[in-house]
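J.: one predicted model, sequence on top.
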Protein chains: 2
Amino acid sequence: MSSNNQQKQPTVEDILQAHQKIKPYIHQTPIITCTSLNQLVGADLYFKCENFQKGGSFKSRGAANAILSLNKEQKKNGVGTHSSGNHGGALARMAQIFQIPSYIIMPYDAPNSKKRSVQNYGGKIIECGATITDREGTLEKTRKDTGCEIVHPYNDYRVIKGQGTIALEIYQQIQKPLDFIITPVGGGGLLSGILIASKAISPSTKVIAAEPFLARDAYLSLISGKVEPQFPPKTIADGIRANLGDKTFEIIKEKCDGILLVEEQEIVDATNLIWQRMKIIVEPTSATVLAAVIKNKELFKGKSVALVLTGGNTDIEYKPKL
Amino acid sequence: MSSNNQQKQPTVEDILQAHQKIKPYIHQTPIITCTSLNQLVGADLYFKCENFQKGGSFKSRGAANAILSLNKEQKKNGVGTHSSGNHGGALARMAQIFQIPSYIIMPYDAPNSKKRSVQNYGGKIIECGATITDREGTLEKTRKDTGCEIVHPYNDYRVIKGQGTIALEIYQQIQKPLDFIITPVGGGGLLSGILIASKAISPSTKVIAAEPFLARDAYLSLISGKVEPQFPPKTIADGIRANLGDKTFEIIKEKCDGILLVEEQEIVDATNLIWQRMKIIVEPTSATVLAAVIKNKELFKGKSVALVLTGGNTDIEYKPKL
């Protein structure tokens, strides 16, 4: 499917090299702590704020590394991908920087903020249905029509290496041992990259994922031992409406310490806690990690926990009656 | 009116000493920059994020300094103030830390988030009408009833010194010369403190204020040469529905480089720009400073501008249909 021709699973060295390569194009995002949330859960929480990343999400890391890995010939006809939003915006942004076309296959019900982001960066949106099958079919057709290079949103080692750079920064920025890193899981690109880097740097730190109950395909995949299909895309955590790929599943199966499921209302409540207590905008996908910690306080009690807030692109608007 | 018995206008030395005193009780808040907003206005903007301050606003600085300035006898019967919100929450928070009672006079139409904040910190809310006369009357009655020490929200040198510590941090954190510091003006406590510190540290930096057209009493006071009364409290910038006091007016009249007026819709638009581009929650009062810069681009073109985002306590809620 993907024209990614690198077949070797990445190592932490690959991720370190990716970091050097992408640094001019990304932010080192801050780590934020919040006394009142620490008190609420009884743990030391460190929020890695990828909502402040260029383009509003961590996806800029993987997209940057993917485009920087292409040769002149591969770049010629541009790049294409399917995305419920953030990867599309990130790829369009990097394509614009390198002045090549980008084709972004988006489900018709993707949030407006994410469509706007792709358009602002000069990406060409091609709408499709909401399932992974719809998306992949439309992407393959686009590839045949345009000759573009496909940069899969997660099942691509170039992308996985880029996302893994988050873990490098977490260990640089937090100057005490971490008991846990927790990140959302959708297609698994972020989780895979963090697993590779974290297990190399700090083997004793548990790396776990948060997943909505309504989209628990990764959870079930770890139980069944094979990639389970995507659930109907009903969760409000719109960034993780995808199933694992073969590359991400292989890494997650081997290294991941567990997946915690959260309900929709718990995601809503955690989103509000982050907005109201931390005064930062995250999208609901980001809040799954806090929801998982709140739901499982006994597991995290007294522990040091890094939580990856994946993005901040949500249709928020302040509309007072004037 | 105020029982503040310090009659000497503060100096930068007073503000430096206040900073040492209050440091254990406040955050050194971050400075954030935003490429897309810099491009939008054609200037280098440095946002001082007091929305991340303890209690959600800069008011924690003045409240901390005021309570830390009280002797045992003065603290005995607790503290009282009137406040549309943030000063009340800040004073209640510091009173809770020192285990003394706090009485907070609040207009009936204060935002729920601000009432909740006072209650969370154990403050006793006493409701009143929305004008300054209503507020001051109710506060004086409360003082007689309880014997509490009044900590006026702005017309109090202890408070002014605390707010001035923001300017110390701005000059420590921003490592290049500043052309402007811009801050909202309501009662003038923040502006006064910043004026004293900034003019001592960097006399060539212009310090200006942003004020809603619907609450332009400070603007008119500078023209008429006397404290003009509060306008009807109609601006959405609920943090600045107050007129100047005699102490703040004296400082502002002598040192302030000008006041820029902004319309309500401009405040709304600037609030949305900050939420959507910077991914941080600020209250509309904070956005007046960006609105003023956007409205007067020619004045700020190519300049280095520090903008004080005063607070983040707003009734924001994420409510998806589940």
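T.: All right, it came through fine.

J.: going forward, measure contacts between C-alpha atoms and count neighbours the same way
T.: Fine.

J.: how near is A:Val79 to A:Asn86?
T.: 15 Å (Cα to Cα, to the nearest Å).

J.: make that A:Gln20, sorry
T.: With distances taken as Cα to Cα, A:Gln20 is found 22 Å from A:Asn86.

J.: setting aside sequence neighbours, what's the nearest residue to A:Ile31?
T.: The shortest distance from A:Ile31 to any non-neighbouring residue, by Cα to Cα, 6 or more residues apart in numbering or on different chains, is to A:Lys48 (4.6 Å).

J.: count the residues that sit near A:Ala43.
T.: For A:Ala43, the count of nearby residues is 20 (other Cα atoms under 10 Å in any protein chain shown).

J.: gap between it and B:Val151?
T.: A:Ala43 sits 35 Å away from B:Val151, going by Cα to Cα.

J.: pull the helix or strand with minimum mean pLDDT from chain A.
T.: Lowest mean confidence among the helices and strands of chain A (mean pLDDT, DSSP states H and E): helix A:112-120, at a mean of 87.

J.: so for the next helix or strand after that helix, mean pLDDT?
T.: Where DSSP states H and E defines the elements, the next helix or strand beyond helix A:112-120 is strand A:124-128. Averaged across strand A:124-128, the pLDDT comes to 95.

J.: okay, A:Lys295 and A:Glu263: tell me how far apart.
T.: A:Lys295 is 10 Å from A:Glu263, where distance means Cα to Cα.

J.: show me where the stretch 101-250 of chain A has strands.
T.: All strands of the stretch 101-250 of chain A, identified by DSSP state E, counting those that start in this stretch, fall at A:102-107, A:124-128, A:149-150, A:180-184, A:206-212.

J.: out of those strands, which is closest to chain B?
T.: Proximity to chain B (Cα to the nearest Cα) singles out strand A:206-212 among these, at 13.1 Å.

J.: can you name every helix or strand that that closest one contacts?
T.: Secondary-structure packing of strand A:206-212 (3 or more Cα pairs under 8 Å, 6 or more residues apart in numbering or on different chains; DSSP states H and E): strand A:180-184, helix A:189-201, strand A:259-262, helix A:284-295.

J.: quick one: closest of those to A:Leu168.
T.: helix A:189-201 (6.8 Å; Cα to Cα).

J.: OK, contacts around the residue nearest to the spatial centre of chain A?
T.: Taking Cα atoms, centre = their mean, the centroid of chain A lies closest to A:Leu190, which sits 4.9 Å from it. By Cα atoms under 8 Å, 6 or more residues apart in numbering or on different chains, the contact list for A:Leu190 reads A:154, A:160, A:163-164, A:183.

J.: looking at those residues, which is nearest B:Ala64?
T.: Using Cα to Cα, A:Thr183 comes nearest to B:Ala64 of the contacts of A:Leu190, at 37.3 Å.

J.: list, one by one, the residues from the stretch 51-200 of chain A near chain B.
T.: A:51-52, A:56 (Cα under 8 Å from any Cα of the partner chain).

J.: now those in JSON lines, with neighbour count, pLDDT and secondary structure?
T.: Output for those, formatted as JSON lines (neighbours: other Cα atoms under 10 Å in any protein chain shown; pLDDT from 0 to 100; DSSP: H, G, I helix; E, B strand; the rest coil):
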{"residue": "A:Asn51", "neighbour count": "26", "pLDDT": "97", "secondary structure": "helix"}
{"residue": "A:Phe52", "neighbour count": "27", "pLDDT": "97", "secondary structure": "helix"}
{"residue": "A:Gly56", "neighbour count": "27", "pLDDT": "92", "secondary structure": "helix"}
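
J.: what is the nearest of the residues you listed to A:Ser36?
T.: Distance to A:Ser36 across those (Cα to Cα) is lowest for A:Asn51, with 20.3 Å.

J.: dump the residue contacts of that closest one.
T.: A:57-58, A:281-282, A:309-313, B:279.

J.: now neighbour count and pLDDT too, for those, in a markdown table please.
T.: Formatted as a markdown table, the contacts of A:Asn51 follow (neighbours: other Cα atoms under 10 Å in any protein chain shown; pLDDT from 0 to 100):
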| residue | neighbour count | pLDDT |
| --- | --- | --- |
| A:Ser57 | 25 | 95 |
| A:Phe58 | 31 | 98 |
| A:Ile281 | 28 | 97 |
| A:Val282 | 27 | 97 |
| A:Leu309 | 30 | 98 |
| A:Thr310 | 30 | 98 |
| A:Gly311 | 27 | 96 |
| A:Gly312 | 30 | 94 |
| A:Asn313 | 27 | 89 |
| B:Lys279 | 25 | 96 |
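
J.: who wins for proximity to A:Pro212 among the helices and strands packed on strand A:206-212?
T.: Closest approach to A:Pro212 among the helices and strands packed on strand A:206-212 is made by strand A:259-262 (4.8 Å; Cα to Cα).

J.: A:Gln53 and A:Gly311, how far apart?
T.: Noted for A:Gln53: a distance of 8 Å to A:Gly311, by Cα to Cα.

J.: actually A:Tyr25, not the one I wrote
T.: Remark: distance between A:Tyr25 and A:Gly311 (Cα to Cα) = 17 Å.

J.: now A:Ala218
T.: A:Ala218 is 20 Å from A:Gly311, by Cα to Cα.

J.: just A:Leu191 next, same as before
T.: As for A:Leu191, its distance to A:Gly311 is 15 Å (criterion: Cα to Cα).

J.: which helix or which strand is home to the residue nearest to A:Ile31?
T.: Using DSSP H and E, A:Lys48 sits in strand A:44-49.

J.: and the closest residue to chain B within chain A, backbone torsions?
T.: Going by Cα to the nearest Cα, chain B is nearest to A:Ile280 of chain A, at 4.0 Å. Main-chain dihedrals, A:Ile280, degrees, to the nearest 10: phi -130, psi 150.
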